[in-house]
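J.: I'd like to go over a predicted model; first the sequence, then the structure.
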Amino acid sequence: MKSLMSLWSQVAEESATYCRTSATMDINTVHRRVEHEGLSFLTITLPDLGKSTQKWIDQGQAGINSSFTTGRGSLPLFLEGFFNRVFDRSSGTLLDEPCIDSIIAIRQLTLMFGKMSLPCSPARERNAIQNYVKCEQDVRQSDMNLSQEDLTEFQQMSDLLFREVFTQMDRDIYYGELLPRHGPGSTADGLSSNGKYLQSTWTRRLEEVFPSYEYLIPNHHFRGDLDRVNILEPDAEIPVKVISVPKTLKTPRIIAMEPACMMYTQQALLRCLLSSLGRDELLSKIIGFDDQVPNQDLARQGSADRRTATLDLSDASDRVSNQLVRTMVSRWPHLSKAIDATRSRRADVPGVGVIRLAKYASMGSALCFPFEAMVFTTMIFIGIQRSLNVTMTRKDINSFRNSVRVYGDDLIVPVDHVLSIVQTLELFGARVGLDKSFWTGMFRESCGKEYFNGSDVSLVRVRQALPYTIADATEVIATVALRNQFYLAGYWKTASWLDKQLTKIMRYFPKIAPTSSVLGRVSFLGYQSERMHPFLHSPLVRGYVVQAKAPSDPLGDTGALLKCLLRLETRSILRGVERDFDLVPCYESGLARESGPSPLSLPLTGQDEEHLERSGRPKRVGIKLEWRPPF
């Protein structure tokens, strides 16, 4: 905690220099309050002030934050020098030309530690679990409140948007043109990564759409292996396993681990869905699955011209009703049956027991992210239709391709229709987070980027505690990344301070290019070279590289053949999907990852060659000293 306070003080001093003010009193306040309140002051109290400030900037008027005292007017005395350059001290009104550097400084100093990956208290974890159960009750109540007219309108709008996509998927399912896939993540039935290829559990619902003789064995010559498969009736199916994973000190993230058979077939439908969506030029401009940049660009544009609003949804995945998804696909019998068969109907909730699910899927399902995006897109255009008071056509929808964008629960919508859209979202069960939704002023936020009047006011976030020794591999890796983010953001003194902290525990910390695999210092002055490669005659530097070895998980016989055949077929099919949608496959457990190099462009070398011996997510991450290229 002492090192985090020192980091905050360094950022405060550098920010004060940029904004031509003083942060001495602010630093004293932080030291005093952390001494009395502990780490929660940095990770909870300060971020609450930062969120309040964002709303004040959007509304053009400062309010009251109960955690900080005020002087004359409503502005906090804390960070007074920065607030005075953004708001009028006496009235609290946003200045006509607020200081952009001061806005960045306030956000950086208040929100910097808000998303540290830390385990929260048992009481907060219990509250998160209770909220999961409460969401179930809310979804059921929302379903009851919807009229038949509402559902009819929802179905008509969904058909208008996704008719061609669903028709193609229905055809692919009918002709059996689906290819499943296992991911490396954990499952509710506790199978190892390679052990999933020898799964002995299937369900009666899956058997009707995904016959085990087509999906669990390489070909019909291995039908004898199906004797080990246990076909479960609906009331005997394995429920999803609800767990909490560290997110912030304020609250954990609640996810659900799917049974292996469900995730296996969900991936088959996901691949089919992405391929079909990729062929639709309009939908690929409105819904995003792997690229956040279009959302960020629209947010920047909206902050300048105020034509688009950014909306954020609370508990988005847990509030998507299964009734709505069934309504969307009800006119396509094969697709409807497949989606129902791959959906887990029950959840094992710690401290509560097994409950029946009204939501479509929890976070953890491979289909959760795409279907929530499609449901929210349908709601948005219903809101626009109600605002315009006309029956929309496909041509009308096309006119909004530059003002509507959906990436999961990050929504961008036209300001002219935002109130109708918010009402529609709430009507169909979504919960709009008004503290993170912006449309009044010149502040916009979407997909991790924030803008004010066209200027980027995003911040650098601390994700892990600072390391004490080289053995703290996770913290070392995160702090090196943090150092480079501060450097690229212009906090050069802070980056230099972190350099001193890192060189105390890292013997080698070279200057590198951003693309290097070495843990080093990114510099605008270029990378260093310590020697030449004896055969390639390219520069090398000595530094630490990340090592994450998959656990031992040997696989042979039928399971090995099935995995190899699926991998070969997967690479062939994904080439077509990437051509259609220009995306990198990014679903292992339903959560979108940042895009990186396509697996199709990488050779099968190193650890990938050992996939029948080692597989799964590494249990630990380490770092090793090696000679590597600095670029």
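T.: Structure received.

J.: what sits up against stretch 199-214?
T.: Stretch 199-214 has contacts (C-beta atoms under 8 Å, 6 or more residues apart in numbering) with 173, 176, 178, 180, 189, 191, 216, 220, 223, 226, 228-234, 237-238, 259-262, 264-265, 268, 334, 337-338, 340-342. Glycine gets a C-beta too; all of them are placed from N, C-alpha and C.

J.: how about a cut-off of 6 Å?
T.: Applying C-beta atoms under 6 Å, 6 or more residues apart in numbering, the contact partners of stretch 199-214 are 226, 228-233, 237, 260-261, 265, 337-338, 341.

J.: can you check stretch 390-405 too?
T.: Contacts of stretch 390-405 (C-beta under 6 Å, 6+ apart): 282, 285-286, 294-295, 298, 308, 380, 385, 412-414.

J.: Buried ones among these?
T.: Among those, the ones that count as buried by 16 or more other C-beta atoms under 10 Å are 286, 294-295, 298, 308, 380, 385, 412-414.

J.: taking these one by one, which sit in helices?
T.: Among these, DSSP state H puts 286, 294-295, 298, 380, 385 in helices.

J.: can I get those residues in JSON lines with pLDDT and distance to residue 154?
T.: Output for those, formatted as JSON lines (pLDDT from 0 to 100; distance: C-beta to C-beta, whole Å):
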{"residue": "286", "pLDDT": "94", "distance to residue 154": "17"}
{"residue": "294", "pLDDT": "92", "distance to residue 154": "25"}
{"residue": "295", "pLDDT": "94", "distance to residue 154": "24"}
{"residue": "298", "pLDDT": "95", "distance to residue 154": "25"}
{"residue": "380", "pLDDT": "97", "distance to residue 154": "12"}
{"residue": "385", "pLDDT": "97", "distance to residue 154": "11"}
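
J.: JSON lines for the contacts of stretch 390-405, including distance to residue 160?
T.: Shown next, in JSON lines, are the contacts of stretch 390-405 (distance: C-beta to C-beta, whole Å):
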{"residue": "282", "distance to residue 160": "11"}
{"residue": "285", "distance to residue 160": "16"}
{"residue": "286", "distance to residue 160": "12"}
{"residue": "294", "distance to residue 160": "22"}
{"residue": "295", "distance to residue 160": "23"}
{"residue": "298", "distance to residue 160": "22"}
{"residue": "308", "distance to residue 160": "22"}
{"residue": "380", "distance to residue 160": "13"}
{"residue": "385", "distance to residue 160": "10"}
{"residue": "412", "distance to residue 160": "20"}
{"residue": "413", "distance to residue 160": "17"}
{"residue": "414", "distance to residue 160": "18"}
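
J.: Relative to residue 41, which of the residues you listed is nearest.
T.: Comparing these against residue 41 with C-beta to C-beta places residue 295 closest, at 32.1 Å.

J.: Tell me if I'm right that that closest one and residue 448 touch.
T.: No. Residue 295 is not in contact with residue 448 according to C-beta atoms under 6 Å; the separation is 9.3 Å.

J.: Show me this protein divided up by domain.
T.: What automatic domain parsing lists as the domains of the chain is 2-114, 122-432, 473-547.

J.: Out of those, which is closest to residue 610?
T.: So among these, domain 122-432 is nearest, using C-beta to C-beta, at 11.0 Å.

J.: Give me the pLDDT for the nearest residue to residue 198 once chain neighbours are set aside.
T.: For residue 198, ignoring the flanking residues on the chain, the nearest one in space by C-beta to C-beta, 6 or more residues apart in numbering is residue 559 at 4.4 Å. At residue 559, the pLDDT value in this model is 88.

J.: secondary structure element for residue 559?
T.: According to DSSP states H and E, residue 559 maps onto helix 557-581.

J.: Can you give the strand pairings for whichever helix or strand comes after that helix, parallel or anti for each?
T.: Using DSSP H and E, the helix or strand that directly follows helix 557-581 along the chain is strand 622-628. Strand 622-628 has its sheet partners listed here by DSSP bridges as strand 539-547 (antiparallel).

J.: Confirm for me that residue 21 is in contact with residue 79.
T.: No. Taking contacts as C-beta under 6 Å, residue 21 lies outside contact range of residue 79: 9.3 Å.

J.: When those two are compared, which one has more neighbours?
T.: Between residue 21 and residue 79, counted using other C-beta atoms under 10 Å, residue 79 has the larger neighbour count: 28 against 19.

J.: Relative to residue 11, how far out is the residue nearest to the more buried one when sequence neighbours are not counted?
T.: Setting aside the residues directly before and after it, residue 79 is nearest to residue 26 in space (C-beta to C-beta, 6+ apart), at 5.5 Å. Using C-beta to C-beta, to the nearest Å, residue 26 is found at 11 Å from residue 11.

J.: any idea how far the residue of the chain positioned farthest from its centre is from residue 540?
T.: No residue in the chain has its C-alpha farther from the mean C-alpha position than residue 534, which lies at 42.8 Å (C-alpha atoms, centre = their mean). According to C-beta to C-beta, residue 534 stands 9 Å off from residue 540.
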